[in-house]
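>>> sequence isn't available, so here's the structure alone:
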């Protein structure tokens, strides 16, 4: 823990992610404006004391929209991470532990990974119909093979350890060995991987909403705010630039967080500074 | 030995399939072990001693390994035919095993107490609390000071000797009838080695369990074992009561092993070594496997791999010098 606090990048990442999370959780306390209430008289207000982030083409408060957008974006990211943790761990553990399943599961994973992430996600959301729940499902499906590979790699190492043999010699069955002896020793890379998946998921969700495949307007997410503001980028650049910056900061923060965790949890990978 | 043996291994053959082909890591190994007896299995690396022990518990990774033949009868039950569920009951419950590396045989992410409690609870339906009390008793019994505190320590907080003691505590947790100890002292300091062997010897008397002590160092175990099996290239080349093995070794390989033990009282300046190296399992010589390294080899030795030939009651060696270089008929064994 102390090593984490001394890790400057990790601290920076935590602060960025912390700020965004704080904004998302306390969105209703930080603004009294309704993010979907339109007002013709206040269209295209530039950032000011009254409208911190300005207003958009319908006169809605950008501050409120970005905050409520953060709520949805982070929820979606979290949903993807949870599904990823469950299925990625399951698939990875099965593939790594049972040699007979390895080939089948990993070839399926390869097939998934052969497509560009966004293309596959677009395909799945298009098939399921555009909504934020379907975006979560699509992104989870797209990223699960990646997590599964990471888990499989560490399971392959852990299963050869002598304490697994020792546990077996004590009468432990396969499931017990996986649960008690293999998985706990794979947690470090899994946590790091999930942090990165969180960042990718937030980013990809923005892409999907930008393309109209995520949450539907008027519900604000970072992606569709940027999409809607795109037409006015010359007259009112704040509509697109501000959520873009917040998105970038969040992804950067999560990546720094992941790097920091990796350095601390696995000192062998640490790059010389 | 009276009554039926605790463990009877007959004609055990374990093969491994690797890229270069298939080879027998253990071939036609047979031995009996009585209740409370301590059997030493001695041999170089790759001689098949660990594979023999792992085969008894059916722990050979498959693939690439496979028990290709033979019988392993433990208390009247053929373990090679037992169901997977039954084998899991036996592992740790009736036959326990300890490994060479106490460093890596304990799971680094759990305190040692949890690992003992876990093993007890695999086999017995008792409360966590009762299992914990038993764990404290066990740690105390294997000579770990202030066991109640040690229970909560992680493996990396313990010294090598202590870790091996903790491993022994885990092995003993369900009162096994047989303990397989695979080079339990190889990774330890010499002073600790003696303590651990002494401990095993005490525990045998207290719990009345039989022990198979696998080692490559004949000198270390001599005073703790009753009988010795010498293995070479996957086969048993000699078996004898320990005193007899030291007094009158029959197989040239055993003789070589004995003369390569450093002794403090001897005045020889140089340690004897056995010339040559262990052959690859794919390039076994014809006839006797030890022939190329043997000072006594004659033409007859290349004709067939000799079976065990009785030299004295309870003492047999796989060397045709015992029959005056006459090839024994194959059915004689």
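Looks like it came in fine. Note that this is a predicted model, so its numbers are computed, not measured. Numbers count the residues shown, from 1 in each chain, chains lettered A, B, ... in the order given.

>>> and the residue of chain B found nearest chain A, how many neighbours?
Nearest residue of chain B to chain A: residue B:92, at 3.5 Å (C-beta to the nearest C-beta). Bear in mind the C-beta positions are built from the backbone N, C-alpha and C, glycine included. Look at residue B:92: counted by other C-beta atoms under 10 Å in any protein chain shown, it has 26 neighbours.

>>> so what's it up against?
Going by C-beta atoms under 8 Å, 6 or more residues apart in numbering or on different chains, residue B:92 touches A:169-172, B:119, B:122-123, B:171, B:173-174, B:176.

>>> out of these, which one sits closest to residue A:146?
Using C-beta to C-beta, residue A:172 comes nearest to residue A:146 of the contacts of residue B:92, at 29.8 Å.

>>> wait, doesn't that closest one sit right on residue B:121?
No - using C-beta atoms under 8 Å, residue A:172 is not in contact with residue B:121; the gap is 10.7 Å.

>>> reformat the contacts of residue B:92 as a markdown table; add pLDDT, secondary structure and neighbour count.
Below are those laid out as a markdown table (pLDDT from 0 to 100; DSSP: H, G, I helix; E, B strand; the rest coil; neighbours: other C-beta atoms under 10 Å in any protein chain shown):
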| residue | pLDDT | secondary structure | neighbour count |
| --- | --- | --- | --- |
| A:169 | 83 | helix | 26 |
| A:170 | 82 | coil | 25 |
| A:171 | 80 | coil | 22 |
| A:172 | 82 | coil | 22 |
| B:119 | 86 | helix | 28 |
| B:122 | 83 | helix | 20 |
| B:123 | 83 | helix | 20 |
| B:171 | 86 | helix | 29 |
| B:173 | 84 | coil | 27 |
| B:174 | 82 | coil | 20 |
| B:176 | 87 | coil | 22 |
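
>>> so of these, which two are at opposite extremes in space?
The two members of the contacts of residue B:92 with the most space between them (C-beta to C-beta) are A:172 and B:176, at 15.2 Å.

>>> near chain A, which residues of the stretch 101-250 of chain B?
Within the stretch 101-250 of chain B, the positions adjacent to chain A are B:101, B:104-110, B:118-119, B:122-123, B:167, B:170-171, B:180 by C-beta under 8 Å from any C-beta of the partner chain.

>>> what ranges does the stretch 51-200 of chain B have for its strands?
Along the stretch 51-200 of chain B, the stretches classed as strands by DSSP state E, counting those that start in this stretch are B:65-74, B:77-78, B:95-98, B:178-182.

>>> quick check: which of the ones you listed is buried the most?
By mean neighbour count, with neighbours taken as mean count of other C-beta atoms under 10 Å in any protein chain shown, strand B:95-98 ranks first of the strands of the stretch 51-200 of chain B at a mean of 27.

>>> give the contact list for residue B:108.
The contact partners of residue B:108, taken as C-beta under 8 Å, 6+ apart, are A:163, A:185, B:154-156.

>>> now tell me what touches the helix or strand containing residue A:118 from outside.
Taking DSSP states H and E as the definition, residue A:118 sits inside helix A:117-128. Contact partners of helix A:117-128, identified using C-beta under 8 Å, 6+ apart, comprise A:112, A:115, A:134-135, A:137-139, A:141-143, A:200, A:204, A:207-208, A:211, A:213-214.

>>> from those, which land in helices?
Cross-referencing those against helices under DSSP state H gives A:112, A:134-135, A:137-139, A:141-143, A:200, A:204, A:207-208.

>>> hmm, residue A:75 and residue A:202 touching each other?
No - checked against C-beta under 8 Å, the pair residue A:202 and residue A:75 is beyond contact range at 10.2 Å.

>>> looking at those two, which one has more neighbours?
residue A:202 (26 against 16).

>>> point out where chain B drops to low pLDDT.
Scanning chain B for pLDDT under 70 picks out B:1-3, B:262-271, B:327-333.

>>> sorry, back to before: tell me which residues in the helix holding residue A:118 are buried?
Neighbour counts over helix A:117-128 (16 or more other C-beta atoms under 10 Å in any protein chain shown) mark A:117, A:120-122, A:124-125 as buried.

>>> go on, stretch B:211-222?
Neighbour counts over stretch B:211-222 (16+ other C-beta under 10 Å) mark B:211-216, B:218, B:220-222 as buried.

>>> so what's residue B:58 up against?
Shown in contact with residue B:58 (C-beta under 8 Å, 6+ apart): B:67, B:79-80, B:82, B:87.

>>> and those, which of them are in helices?
Counting by DSSP H, the contacts of residue B:58 place residue B:87 in helices.

>>> so in the chain, which helix runs the longest?
In the absence of a named chain, chain A is used. When chain A is scanned for its longest helix (criterion: DSSP H), the result is helix A:62-97.

>>> look at chain B instead
As assigned by DSSP H, the longest helix anywhere in chain B is helix B:190-207.

>>> right, and the helix or strand after that one?
Per DSSP H and E, helix B:190-207 leads on to strand B:210-215 as the next helix or strand towards the C-terminus.

>>> in its sheet, what does that following strand sit against?
Partners of strand B:210-215 in the sheet, by DSSP bridges, are strand B:38-42 (parallel), strand B:178-182 (parallel).

>>> for it, which outside residues touch it?
Contacts to strand B:210-215, defined as C-beta under 8 Å, 6+ apart, come from residues B:6-7, B:33-42, B:49-50, B:52-53, B:56, B:177-186, B:200, B:204, B:221, B:224-225.

>>> angle of that strand against helix B:190-207?
Relative orientation of strand B:210-215 versus helix B:190-207 (axes from the mean of the first three to the mean of the last three C-alpha atoms, to 10 degrees): 160 degrees.

>>> so which of the ones in helices among the contacts of helix A:117-128 wins on neighbours?
Looking at the ones in helices among the contacts of helix A:117-128 with neighbours defined as other C-beta under 10 Å, the largest count falls to residue A:139 at 33 neighbours.

>>> so, low pLDDT: which residues of the stretch 51-200 of chain A?
Short version for the stretch 51-200 of chain A, where the test is pLDDT under 70: none.
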